[in-house]
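Q: below is the sequence, then the predicted model.
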Amino acid sequence: MQTRFRRPFPTLTAPALIACLVLAACDGGAAYPRLLPTDSILAEPALPAHARGPAGPLDPAALEAASSARASGLQQRARELQAPVIDAETRARMRRAGA
């Protein structure tokens, strides 16, 4: 006796799958997103509290000076890191021991 293999779920055809997706995408009764007026969209953004200094907005000249100082400090550190890791005396001693 021959038994036919039965799938646990019926195979969906393409139109049925499309109909399911269309129905799943519909949201009955949801409110339309609130539209913003053009003047509020194009307005200059307000600085958040954490972006202000203790007496108001940060001074651009002071910010530039602090950024330049940090950049030069990082460049100096990078130059120091390019130096050899093993000093010349230790390198010579290691070469004599290995020879």
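A: That came through, no problem. Remember, predicted model here, so these are calculated numbers, not experimental data.
Q: list the contacts of stretch 87-96.
A: By CB atoms under 8 Å, 6 or more residues apart in numbering, the residues outside stretch 87-96 that reach it are 84, 86. Where C-beta positions appear, they are placed from N, C-alpha and C, glycine not excepted.
Q: for the chain, what are the low-confidence residue spans?
A: 1-12, 26-30, 52-57, 99 (pLDDT under 70).
Q: what about 90?
A: Within the chain, the stretches with pLDDT under 90 are 1-63, 80-88, 98-99.
Q: state which helix of it is the longest.
A: Secondary structure of the chain per DSSP state H: the longest helix is helix 60-81.
Q: for this structure, which segments count as helices?
A: Taking DSSP H to define them, one finds helices in the chain at 14-25, 38-42, 60-81, 88-98.
Q: which one of the ones you listed lies closest to residue 48?
A: Nearest to residue 48, of all those, is helix 60-81, at 16.0 Å by CB to CB.
Q: who touches the longest helix of the chain?
A: Contacts for helix 60-81 (CB under 8 Å, 6+ apart): none.
Q: surely residue 58 touches residue 50?
A: No: at 11.1 Å, residue 58 does not count as touching residue 50 under the criterion of CB atoms under 8 Å.
Q: brilliant, that's me finished.
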